[in-house]
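[1] Only the shape, not the letters, is given here:
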């Protein structure tokens, strides 16, 4: 990720009342890709409902615009009302990145 | 997470040759908890071998010290030599955090 990019770390645990979560998550995944300043994301959910999604953004303004997206606000409200037992959201500035890939 | 903390996002895919990975990962999980400046971590691995681990640190010096830990260096070498198809590591400064927990 380029220096100056932002990473938003969303760590959550799904609760018992997660009916409809998959459809909402799929819709958000489509929607986020069209957001200005969206650079990519990775998402994993494991056993026991713990999940981590990291999205990457070109600027803090892009992070704020995604948070305020009307359809996303609706999904956030459903998340609080039903889907998640808890979540934590860290907004971070990427200082440096390195990677490895097998030949 | 407090402002000024660092988050290290480790995103990886396990390859076919992951025998012994679990024992190494367990050992690193024990070791990291004793590191100076360690604030916590979350880790999820999903289907298909994709995993995200986020560790939180009090300072950039604490991040550097963990990276240079001798036993951790050995685990990193095994990761490159055998365990991972690819990984990406983002070192980030936490700008702000918020959370939610159901009553």
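    In hand now; what should we look at? Because the structure is a prediction, the values reported are computed rather than measured.
[2] What about the closest residue to residue A:102 other than its chain neighbours, how many residues nearby?
    In space, and not counting its chain neighbours, residue A:102 is closest to residue B:85: 5.4 Å by Cβ to Cβ, 6 or more residues apart in numbering or on different chains. C-beta: built from backbone N, CA, C; applies to glycine. Residue B:85 has 16 neighbouring residues, counting by other Cβ atoms under 10 Å in any protein chain shown.
[3] Could I get the pLDDT score of residue B:85?
    Listed pLDDT for residue B:85 reads 96.
[4] which SSE is it in?
    Under the criterion DSSP states H and E, the helix or strand holding residue B:85 is strand B:84-101.
[5] Would you check that residue A:90 makes contact with residue B:1?
    Yes. Assessed by Cβ atoms under 8 Å, residue A:90 is found in contact with residue B:1 at 5.7 Å.
[6] Overlap in contacts, the two.
    B:7, B:94, B:97 (Cβ atoms under 8 Å, 6 or more residues apart in numbering or on different chains).
[7] Name every strand pairing with the strand holding residue B:85 and say which way it goes.
    strand A:84-101 (antiparallel), strand B:6-14 (antiparallel) (DSSP bridges).
[8] which residues does residue A:12 contact?
    Residue A:12 touches A:50, A:51, A:52, A:53, A:79, A:84, A:86, A:87, A:88, counting by Cβ under 8 Å, 6+ apart.
[9] Share the number of residues neighbouring the residue of chain A found nearest chain B, please.
    In chain A, the residue that lies nearest chain B is residue A:92 (3.6 Å; Cβ to the nearest Cβ). Counted by other Cβ under 10 Å, the residues lying close to residue A:92 total 27.
[10] residues in contact with it?
    A:6, A:7, A:8, A:9, B:7, B:92, B:93, B:94, B:95.
[11] number of nearby residues for the fifth one?
    Right, residue B:7. Residue B:7: 27 neighbours (other Cβ under 10 Å).
[12] Just give the closest residue to it, not the sequence neighbours.
    residue B:92 (4.7 Å).
[13] From residue A:51, how far off is that neighbour?
    19 Å (Cβ to Cβ, to the nearest Å).
[14] Over to residue A:62?
    22 Å.
[15] can you give me the offset of the longest helix belonging to chain A from its chain's centre?
    Among the segments of chain A that qualify as a helix by DSSP state H, the longest is helix A:21-33. Remark: helix A:21-33 is offset 10 Å from the chain centroid, using Cα atoms, centre = their mean, to the nearest Å.
[16] Please apply the same query to stretch A:29-41.
    10 Å.
[17] do it and chain B meet?
    No. Stretch A:29-41 lies out of reach of chain B by Cβ under 8 Å from any Cβ of the partner chain, never closer than 10.2 Å.
[18] buried residues in that stretch?
    Residues of stretch A:29-41 classed as buried by neighbour count (16 or more other Cβ atoms under 10 Å in any protein chain shown): A:32, A:35, A:37, A:38, A:39, A:41.
[19] what distance separates the start and the end of that stretch?
    9 Å (Cα to Cα, to the nearest Å).
[20] Alright, that wraps it up for me.
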